[in-house]
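[1] next one to model:
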Amino acid sequence: MGKLVLTSFVTLDGVHQAPGGPGEDTRGGFGQGGWSVPYGDEDFGAFVTGVFDRVGAFLLGRRTYEIFASYWPEKTDPEDPIASPLNTLPKYVVSRTLTDPSWAGTTVLGGDLAKEVTALKERTDGELQVHGSGDLAASLFDLGLIDTVHLLTFPVVLGAGRQLFPQGVRPTAFRHTGGHVTAAGVSIQTYDRAGSPSYGSY
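    I've put the predicted structure just below:
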């Protein structure tokens, strides 16, 4: 059975909205898109390439899917460590409105999310990976379906934007399984879900 692995970029104040470009996600009047780009050094690239080396299939929210679909199909180099898996491996997009996806290898999931994702995990050889897709990630957290999180925290505070873990998210404990800091100061940490939090007193 495959693992469901989320890779998410966040700021120090927890914002995950529009890391990759100004027009990526302007919901709520957000005008600070592209905040991760200045930190994209060799260390960062090596980590992302390593993540893509382990993928068996992709699970994406509609917004992230459409951003990817507008860019990656044009990148046809079979040696490209990101474009090649994105263009050749199965892609599942969660949407109730998308009916005719143009990107080859795409299946739309519009039914019971818990059932469909559990079935996907069972039949995926390798990791079932979620990249970005903050709204989908929140739903998957609430369903207890995410096994591993790669949390990339960038050394910037924005003061506005959508949070990866909004108020009301399901309380969850994690076990730290590895990490490092890039030369540009991005903290890359990996956590495995470890059930519910435990509590104590000092």
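
[2] spatially central residue in the protein, please.
    Using Cα atoms, centre = their mean, the residue of the chain that lies closest to the mean C-alpha position is His131, 2.3 Å off.

[3] report the contact partners of it.
    By Cβ atoms under 8 Å, 6 or more residues apart in numbering, the contact set of His131 is Leu6, Thr7, Phe58, Leu60, Thr64, Phe68. C-beta: built from backbone N, CA, C; applies to glycine.

[4] for it, what are phi and psi?
    In terms of degrees, to the nearest 10, the main-chain angles of His131 are phi -120, psi 130.

[5] roughly how far apart are it and Asp41?
    Computed as Cβ to Cβ, to the nearest Å, the His131 to Asp41 distance reads 19 Å.

[6] give me the nearest residue to Asp53, chain neighbours excluded.
    The shortest distance from Asp53 to any non-neighbouring residue, by Cβ to Cβ, 6 or more residues apart in numbering, is to Pro81 (7.1 Å).

[7] for that neighbour, give me the pLDDT.
    As predicted, Pro81 sits at a pLDDT of 94.

[8] over to Gln167?
    On the pLDDT scale, Gln167 gets 88.

[9] so it: helix, strand or coil?
    What DSSP: H, G, I helix; E, B strand; the rest coil gives for Gln167 is coil.

[10] near it, how many other residues are there?
    Here the count is done by other Cβ atoms under 10 Å, and Gln167 has 5 residues near it.
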